[in-house]
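Asks: requesting a structural model of the entry that follows:
(one chain, ligands or ions: 1)
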Amino acid sequence: MQIGFIGLGNMGGPMAANLAKAGHQVTGFDMADVSIDGVTMAESAIAAAQGADVVITMLPNGQILRAVAADIIPAMSEGAAFVDCSTVDVDSAKAVAQQAETAGLLAVDAPVSGGIGGASAGTLTFMAGGSEAAFGKAAPLFDIMGQKAVHCGDSGAGQSAKICNNMILGVTMIATCEAFALADKLGLDRQKMFDVVSTSSGYSWTMNAYCPAPGVGPQSPADNDYQPGFAADLMLKDLRLSQQAAESADADTPMGQAATELYATFVEQEDGLGMDFSAMLPRFEKRGRD
Ligand code: NAD
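Replies: Below is the predicted model of the structure:
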């Protein structure tokens, strides 16, 4: 296929490289001066999109996505697919899809889980929203860039699934970290705490697979001075999107709201910027009840 790829950063770069490695013709564009193995660089987003069967975007936020979409949709060939893999607000995902469909294009919102490691290894999980036809057109590319793709429903359903998942993740990480900090103060050994919780009803991905306590459980960012991993500021971005969606849908999400406020304090007023999101544990460790 002829593929246009716009946004070749930490995630988009390796994703585009994997598509090129699999034999697709990939033309890329990024505002920054980047070069990616196997990818022909274009002068503009419009030039990257022209004549492509599929255009993939991997951009920082919904505002930038809307601006890029407004530029490239008129330049894309009828019947081509617009596949946005960025994590953006549900309203932007739906608006861009509608604009694309009005122009005779197929549209998919397909945010990913798996981080930079998953992007390089081609083991991302895609959660997709859009028509059957649109999902079908993008699916062979998801197979190259990832290990699993779930068609979640209509436009916006991919972003909805992503932010609901990450709201659970943020809340659960905080719960796991505050429980470890409490266990410390109660004099409980961390390894014993892990042995019990990881095989009891408090188990979770954050405890069992990504344990925030150094030296306990499988290897995780805690064992590397909390270098990300999944950065606390990216968790904050996703939590804010979850609260924006909750506002828009009139959903009551008190735990999601509390997690958003805690990560905002951690990232913007404390030392959380640049740290993994599991660094909530040393934060709680240092604190008392006030
Ligand atoms: P990044 O900042 O490394 O990459 C974004 C790229 O977009 C940059 O290279 C930037 O120059 C480019 N860009 C910005 N505006 C542009 C424009 N108008 N035209 C063309 N290019 C433009 O970010 P990333 O880590 O690659 O993340 C991309 C998206 O993936 C985000 O929405 C993020 O939330 C999501 N995501 C990231 C991770 C992760 O672990 N990094 C995991 C899952 C999802």
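Asks: where exactly do the strands run in the protein?
Replies: Listed in chain order, the strands of the chain (DSSP state E) span 2-6, 25-29, 40-41, 54-57, 81-84, 106-109, 112-113, 124-130, 146-153.
Asks: now distance to residue 226 and mean pLDDT too, for the ones you listed, in TSV please.
Replies: For glycine as for every other residue, the C-beta is placed from the backbone atoms N, C-alpha and C. As requested, those are arranged in TSV below (distance: least, C-beta to C-beta, whole Å; pLDDT from 0 to 100):
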stretch	distance to residue 226	mean pLDDT
strand 2-6	32	98
strand 25-29	33	98
strand 40-41	35	98
strand 54-57	31	98
strand 81-84	31	98
strand 106-109	31	98
strand 112-113	20	96
strand 124-130	23	98
strand 146-153	27	98
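Asks: isn't residue 262 up against residue 175?
Replies: No. Using C-beta atoms under 8 Å, residue 262 is not in contact with residue 175; the gap is 11.0 Å.
Asks: and the chain, which residues reach the ligand?
Replies: Proximity of the chain to the ligand, by C-beta under 6 Å from any ligand atom, involves residues 6-12, 29-32, 45, 58-60, 64, 68, 86-87, 112, 115-116, 230, 234, 237.
Asks: look at residue 262 and residue 175 and report which has more neighbours.
Replies: residue 262 (22 against 17; other C-beta atoms under 10 Å).
Asks: now the more buried one: closest residue in space, sequence neighbours ignored.
Replies: Spatially, and ignoring its direct neighbours in sequence, residue 262 is nearest to residue 174 (6.0 Å; C-beta to C-beta, 6 or more residues apart in numbering).
Asks: with residue 284 as the reference, measure out to that neighbour.
Replies: Separation of residue 174 from residue 284 (C-beta to C-beta, to the nearest Å) stands at 9 Å.
Asks: give me the more crowded residue out of the two.
Replies: residue 174 (24 against 18).
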